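# Got a predicted model here, sequence first, then my questions.
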Amino acid sequence: MNILVTGGAGYIGSHTCISLINAGYSVIIADNLCNSSRETIQKIMRITDKQITFYEIDVTNSAQVDKIFSKHDINGVIHFAGLKAVGESVKKPYDYYYNNIISTLIMANTCQKHGVTRFVFSSSATVYGDNTVPFVETMDLLPTTNPYGETKAMSERILTDIAKANTNFSVSLLRYFNPVGAHESGLIGESPNGIPNNLMPYITQVANRKLDKLRVFGNDYPTNDGTGVRDYIHVMDLAEGHVAALENLKDDVNIYNLGTGQGTSVLELIETFETANGIKIPYEFVERRPGDIALCYADASKARKELGWTAKRNLFSMCRDAWNFEKNLFE
């Protein structure tokens, strides 16, 4: 089966491509490389010893997307492609609404045109807004606190309505939490362009002295130590969750949280990283970041029951694997 992975050269997409290939699928990647590199695709092929078909396109371009569907027999789509930094979305709302919404519309429409009925969407726990933890799939969604979250919530509504109007269109909406870590080979991991927006690559760049210290956004949240609490999940667990969702697609729309079900504060993550790797991480507290909330962690029981999926890797291995990848970048 041929699976089209949009954003497949990105952090989560690249690891999912490995899991797909390991599960026996053929992978086609569409990516504009705005926050990734062609080298990552070479590394995926090195890890899996399989060829990948790659198209350097922007999936907001419907003509270019249509060419891929016309050329290949696509059996399913996993749609990652999108801008994803919460703080940046507050500063650049137009870019986020245009890119994330238009790409979803085009991908769903092209699937309809070419009779592709299997669609897995990369959503986010951000859609829950500042809700009561743990977040459960049946919750009413509160207004999100940033444009990034709004684009995910809108995309979910778009895909839900399309699935209702087209009964043969099966959609899985994967609301995942905070992916960290890297592939065990150390060849691929999270390597953002510029100063990282996510916590773990910020920590690893401080560890290798690319950055002098970590900025912790806020220490006055109503949490055990004043810093934000998140549900950190190993990126390979998340990747395997996408394969499980693809293989267990049902009619209509299915929503799943992909997380560990445990919350970890920023300071707890720093401490675990220091313990796992024997490196001290200097940090300073700065003002809260626009759009952030205090607590965000999952009830992941539905994915366990319906997909047979659960997160297996612990926080220690997330920190170890993230640093292993970062070391490989400069060794």
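It's in. Numbers count the residues shown, from 1 in each chain.
# Averaged pLDDT, stretch 247-257. What do you get?
Mean pLDDT, computed over stretch 247-257, is 94.
# That one spans what distance, first to last residue?
16 Å (CA to CA, to the nearest Å).
# Would you map the helices across the stretch 151-300 of the chain?
With helices called from DSSP state H, counting those that start in this stretch, the stretch 151-300 of the chain shows them at 199-207, 235-247, 266-277.
# mind giving me JSON lines with those and columns for distance to residue 92 and mean neighbour count?
Using the backbone N, CA and C atoms, a C-beta is placed for each residue, glycine as well. JSON lines is the format used below for these (distance: least, CB to CB, whole Å; neighbours: other CB atoms under 10 Å):
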{"stretch": "helix 199-207", "distance to residue 92": "20", "mean neighbour count": "23"}
{"stretch": "helix 235-247", "distance to residue 92": "25", "mean neighbour count": "24"}
{"stretch": "helix 266-277", "distance to residue 92": "24", "mean neighbour count": "19"}
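# Any chance of these in JSON lines with distance to residue 188 as columns?
Below are the helices of the stretch 151-300 of the chain laid out as JSON lines (distance: least, CB to CB, whole Å):
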{"stretch": "helix 199-207", "distance to residue 188": "13"}
{"stretch": "helix 235-247", "distance to residue 188": "9"}
{"stretch": "helix 266-277", "distance to residue 188": "19"}
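# OK, contacts around residue 147?
By CB atoms under 8 Å, 6 or more residues apart in numbering, the contact set of residue 147 is 89-90, 93, 96-97.
# now those residues: which count as buried?
89-90, 96-97 (16 or more other CB atoms under 10 Å).
# any residues touching the lowest-mean-pLDDT helix or strand in the chain, and which ones?
Least confident helix or strand of the chain, by mean pLDDT, DSSP states H and E, is helix 86-91 with a mean of 88. The set of residues external to helix 86-91 that reach it, using CB under 8 Å, 6+ apart, is 83, 96, 126, 146-149, 151, 197, 289-292.
# Stretch 184-198 too?
Stretch 184-198 has contacts (CB under 8 Å, 6+ apart) with 11, 14-15, 18, 35, 37, 40, 43-44, 46-47, 85-88, 178-183, 200-202, 205, 211, 235-236, 321-322, 324-329.
# go again using 7 Å as the cut-off
11, 14-15, 35, 40, 43-44, 46-47, 85, 87-88, 182-183, 200-202, 205, 321-322, 324-325, 328-329 (CB atoms under 7 Å, 6 or more residues apart in numbering).
# Show me the shaky parts of the protein.
331 (pLDDT under 70).
# Strands of that one, start to end?
In the chain, the strands defined using DSSP state E lie at 2-6, 26-30, 53-55, 76-79, 118-124, 170-176, 178-180, 214-217, 229-230, 232-234, 253-258, 264-265, 283-286, 295-296.
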